[in-house]
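**Q** Predicted structure and sequence below. I'll ask about it afterward.
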Amino acid sequence: MPPLEKTVVNKVLILIKSRGGFAIKLHGSPFMVLGLPDIIACYRGRFLAFECKRDNRRAKPIQEYWLSRIRKAGGVALRIHSVDPVLSELDRIDKLQEV
């Protein structure tokens, strides 16, 4: 059985913070913009956004819209269901900084 979404969110937050990054979980409310990603982060000067799903489910159209807007603005925006893609992205950013 895949991990719960909140488990993935917590692991991602811990991972980013443990590597010196900034990360927060956005909690939806009637006063928030609909469809924003679950996690907003900054790592080594890079803007990151993650939409977490329990398994390989697709994001809602409004969620995909915001992910694409973030990508068009130069940020990293991914739909994830485990911490692995986040770890890969942080490693990629680290390698860019070494050059």
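**A** That came through, no problem. Just so you know, these numbers come straight off a predicted model, no measurement behind them.
**Q** Spit out the contact partners of the nearest residue to residue 54 once chain neighbours are set aside.
**A** Closest residue to residue 54 apart from its sequence neighbours, by Cβ to Cβ, 6 or more residues apart in numbering: residue 5 at 4.8 Å. All C-beta atoms are positioned from the backbone trio N, CA, C, and that covers glycine. Residue 5 is in contact with 38, 52-54, counting by Cβ atoms under 8 Å, 6 or more residues apart in numbering.
**Q** State the phi and psi torsions of residue 5.
**A** phi -60, psi -40 (degrees, to the nearest 10).
**Q** sorry, back to before: among the contacts of residue 5, which are in strands?
**A** Here DSSP state E is the test, and the contacts of residue 5 give residue 52 as lying in strands.
**Q** I'd like to know which of the contacts of residue 5 is nearest to residue 45.
**A** Residue 45 lies nearest to residue 38 out of these, by Cβ to Cβ, at 21.6 Å.
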